[in-house]
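1. predicted model, plus sequence, below.
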Amino acid sequence: MNYNLFKKIKDIRLAVRQVEPNEQWKKDTRSILLMQVKNTLPKETASSPLDLMKYLAPVFSFKWLRTPAFAIVGILLALFGGSLLSVSAAEQSLPGDLLYSVKLATEQARLALAKNPEDKVLLKSEFTGRRVDEMKLAIAKPSADRSNKIVQTAEVLKRDLHTLKQQLEDTKNVVSPDKVKDVAKVVDQQAATVVQTLQESKQDLSPEDKAKVSEAQMAASDTAVKALEVLADAHQQDSGAVTQQDMVDAIKNHNESVVRTIAETLSLATSTTCGNCNLLQASGTSTPASTAIKQVAEAQKTFSSADKLVSENKIDEAVDLIKTGTTQVFTAQKTLEESDVKLVAGAASSTSGALPGTASGSSTSPVNTSSSTQTQTK
Amino acid sequence: MSQLIDRYLLYRLKVKKDPEAFAKIYDNYVSSIYRFAILKLPKQEDAQDITAEVFTKLWQFLQQPKPVTNIRALLYRICRNQIADFYRNSDKTTSLDSVTEQAEFASTLLDDVGRGKEIMEARSEVSLILKQLEMLKEDYRDVLALRLIDQLSFSDIGIVLGKAPGNVRVIYHRGMKALKAMKGFET
């Protein structure tokens, strides 16, 4: 509606609204009508509350349900609403669930729609965060196949981290150093978060599951190191975009996350020394705990050397050492966890070995039980 | 909301036999029906007579067991029929054109108009615009007046005019097009 017409109609409406019938006439007509109504109105009959509903219900009619507009909306909802619901339901799914493939397909679609390589890396990094959430959920959710879910989630996480590493490598060749810096920092931070979160989450898991989660943790650590390498390359290409200070900060952050893992490994080693060492030391060989402690000490030395190299501006060499140190830390962790798996397996087999004797009932004496314990110790 | 109030008043009137409910309906609609009538009738007295007649007819209608779904639309419909009867029964020489030429409606209207600046500005144009509205087809004029001045919904206008809401919508848009093409309304 054009402005001129709109204004004129508004004027007319305004003018007409001012027209009011004569008050006296209104009053007189009202009393005449009221009298007429009173004279002809029959007496009140019995009524039920349903009568009121009968009168009010048509106001809440659902006529709009039959309108073409609603039909179109209905068709659109049927076409797309279902898929939207599936996608939102899929968001809560875990590996092995029916809707998990929908979730991964949605992520693939988002990746395919990403405009440039750095966006792809950032998206993948975000998806890695989702994998960690899935891992936390798989650990927290009590279910019959919990262990299976944890293993599957760890595998998916490892795969995603590997892809992220690849993408980071590809980005370095096509993106400017300043953008590489941003992307590498985000990835490094995300990888450090993954390592840390998995470290906290895996504490109460069985040794087998813990080993699987540690593999994912190691993959995250590799990705973090890759981010450092990419950052170092960018620093070499353009020291203005990626400054010395940027490198020092990134390395410091990375080392801190690894130091946390070292602390965890050491505490694990100490507890193993106290708990199970006697059993293993009795055999006369070096214990996994002592091996781990040695490896951790070596890693610490490596990190100290790396710090020195950073201060001397030998970034590439420092990154190489960090890579070595990280591997040493995770090797130490692996050594300990593998020993735990062996111990549990050994304990399980000895328990199952004792079961037939227990089953024979009368033949099992206290003496026999103690001898079986001795055998177990040996 | 007003429809809900109307339905409740109808319930009070028909089930509870409460005469005050009819008085309330009268209070709610007397002014708008009077305005609708005065736009189409030559004299203020005629508009008053027709308005009083509309409410008497409404009461007669409500006494019948026929279902009433929309009091507002019903009132406008009765009013429109009454105006048609008025012209049918009055002197054949009195046409709508002559009414507009005499501009008695406009003078009646302007007597009642307040003193606001906007109203004062509107005064000079109202007479001309209404004269132009009279030149439109009757269908267009009714739909435009009910929609733009009385602000009835298309479905209510459909009830008043005995047409489908979709049909009313089409007439409204054609009427607007015709109105825009008129002198004084163009951009």
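-> Noted; the coordinates are in hand.

2. what strand or helix carries A:Lys181?
-> helix A:177-201 (DSSP states H and E).

3. contacts for the host helix or strand of B:Arg88?
-> Assigned by DSSP H and E, B:Arg88 belongs to helix B:71-89. Outside of helix B:71-89, the residues that reach it under the criterion CB atoms under 8 Å, 6 or more residues apart in numbering or on different chains are B:2-3, B:6, B:9-10, B:25, B:29, B:33, B:36-37, B:40-41, B:46, B:50-51, B:53-55, B:57-58, B:61, B:68, B:94, B:96, B:142, B:146, B:150, B:152, B:156-157, B:159-162. Placement of C-beta: from N, CA and C, glycine included.

4. so which residue is smack in the middle of chain B?
-> B:Phe36 (2.9 Å; CA atoms, centre = their mean).

5. my guess is that residue meets B:Asp150, correct?
-> Yes: in this structure, B:Phe36 is within contact of B:Asp150 by CB atoms under 8 Å, at 6.1 Å.

6. mean confidence for stretch A:175-194?
-> For stretch A:175-194, the mean per-residue pLDDT is 85.

7. just the CA trace of it, in CSV.
-> In CSV, the C-alpha atoms belonging to stretch A:175-194 read as follows (Å, rounded to 0.1, in the frame of the first residue of the first chain):
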residue,chain,number,x,y,z
VAL,A,175,47.5,-21.0,4.2
SER,A,176,49.4,-17.8,5.2
PRO,A,177,51.7,-18.1,8.3
ASP,A,178,49.5,-15.8,10.4
LYS,A,179,46.5,-18.0,9.8
VAL,A,180,48.6,-21.1,10.4
LYS,A,181,49.5,-19.6,13.7
ASP,A,182,45.8,-19.3,14.7
VAL,A,183,44.9,-22.7,13.5
ALA,A,184,47.9,-24.4,15.1
LYS,A,185,47.3,-22.7,18.4
VAL,A,186,43.7,-23.9,18.5
VAL,A,187,44.6,-27.4,17.6
ASP,A,188,47.4,-27.5,20.2
GLN,A,189,45.1,-26.3,22.9
GLN,A,190,42.4,-28.7,21.8
ALA,A,191,44.8,-31.6,21.8
ALA,A,192,46.1,-30.7,25.2
THR,A,193,42.5,-30.6,26.5
VAL,A,194,41.9,-34.0,25.0
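
8. in it, what counts as buried?
-> For stretch A:175-194, the neighbour count (16 or more other CB atoms under 10 Å in any protein chain shown) marks A:175, A:177, A:179-181, A:183-194 as buried.

9. show residues contacting it.
-> For stretch A:175-194, contacts defined as CB under 8 Å, 6+ apart pick out A:116-118, A:121-122, A:125, A:128-129, A:132, A:157, A:161, A:164, A:168, A:171-172, A:216-217, A:220-221, A:223-224, A:226-228, A:230-231, A:233-235, A:237-238, A:241-242, A:246, A:250, A:253-254, A:256-257.

10. tell me where the model's unsure across the chain.
-> Chain wasn't specified; assuming chain A. Scanning chain A for pLDDT under 70 picks out the ranges A:1-4, A:44-54, A:56-66, A:81-89, A:262, A:265-286, A:340-378.

11. could you do chain B instead?
-> In chain B (pLDDT under 70), the answer is B:1, B:91-134, B:183-187.

12. domains in it, by residue range?
-> As recorded under automatic domain parsing, the domains making up chain B are B:1-92, B:95-130, B:136-187.

13. strands of chain B, residue ranges please.
-> For chain B, strands defined by DSSP state E do not occur.

14. so who does the residue of the stretch 201-350 of chain A found nearest chain B touch?
-> Residue of the stretch 201-350 of chain A nearest chain B, by CB to the nearest CB: A:Ser201 (56.3 Å). Taking CB under 8 Å, 6+ apart as the criterion, A:Ser201 is in contact with A:135-136, A:139, A:213.

15. ok so, going back, PyMOL command to pick out the buried ones of the contacts of stretch A:175-194?
-> In PyMOL, a selection of the buried entries from the contacts of stretch A:175-194 looks like this (16+ other CB under 10 Å):
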select buried, chain A and resi 117+118+121+122+125+128+132+157+161+164+168+171+172+216+217+220+221+223+224+226+227+228+230+231+233+234+235+241+242+246+250+253+254+257
